[in-house]
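A.B. asks: Quick one, what's the 3D model for this:
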Amino acid sequence: MKIKPLADHILIEPISEGEKTESGIIIPETADKERPEQGLVVAVGPGKMLDSGEHRPMSIKKGDKVIFSKYGPTEISVDGREYLMAREDDVMAIIE
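C.D. replies: This is a model prediction of the structure:
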């Protein structure tokens, strides 16, 4: 299934890295942990429609690695994979 976000929505694949303890034990991402705050942008909408009728283009593009607010995005499941759907305003930074 292909997802095409509308307006200023962004489809994000969350990045959850397993943690490594000082003794070298890797704690998997499936352990009871906080919700991720980083992700890879999978798809973006065309941009927000302004009150003047103009489109404001997106400042985020597919393939960007982003930092977003922890509880802003909505969790969705597509073909058994977990994604987050966020608005452009939920993204705080692009990681370069």
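
A.B. asks: Which parts of this structure are strands?
C.D. replies: Using DSSP state E, the strands found in the chain span residues 9-14, 19-20, 26-27, 38-44, 48-49, 55-56, 65-68, 74-78, 81-87, 91-95.

A.B. asks: Adjacent strands (with direction) for the fifth one?
C.D. replies: By that I understand strand 48-49. If you go by DSSP bridges, strand 48-49 pairs up with strand 55-56 (antiparallel).

A.B. asks: Need the contact partners of the partner strand.
C.D. replies: Contact with strand 55-56 is made by 8, 46-50, as judged by C-beta atoms under 8 Å, 6 or more residues apart in numbering. C-beta coordinates here come from the backbone N, C-alpha and C atoms, glycine included.

A.B. asks: out of the residues you listed, which are buried?
C.D. replies: For the contacts of strand 55-56, a burial check counting by 16 or more other C-beta atoms under 10 Å picks out 8, 48.

A.B. asks: pLDDT and distance to residue 65 for the contacts of strand 55-56 - can I get that in JSON lines?
C.D. replies: Formatted as JSON lines, the contacts of strand 55-56 follow (pLDDT from 0 to 100; distance: C-beta to C-beta, whole Å):
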{"residue": "8", "pLDDT": "94", "distance to residue 65": "19"}
{"residue": "46", "pLDDT": "94", "distance to residue 65": "21"}
{"residue": "47", "pLDDT": "93", "distance to residue 65": "20"}
{"residue": "48", "pLDDT": "91", "distance to residue 65": "22"}
{"residue": "49", "pLDDT": "89", "distance to residue 65": "27"}
{"residue": "50", "pLDDT": "90", "distance to residue 65": "28"}
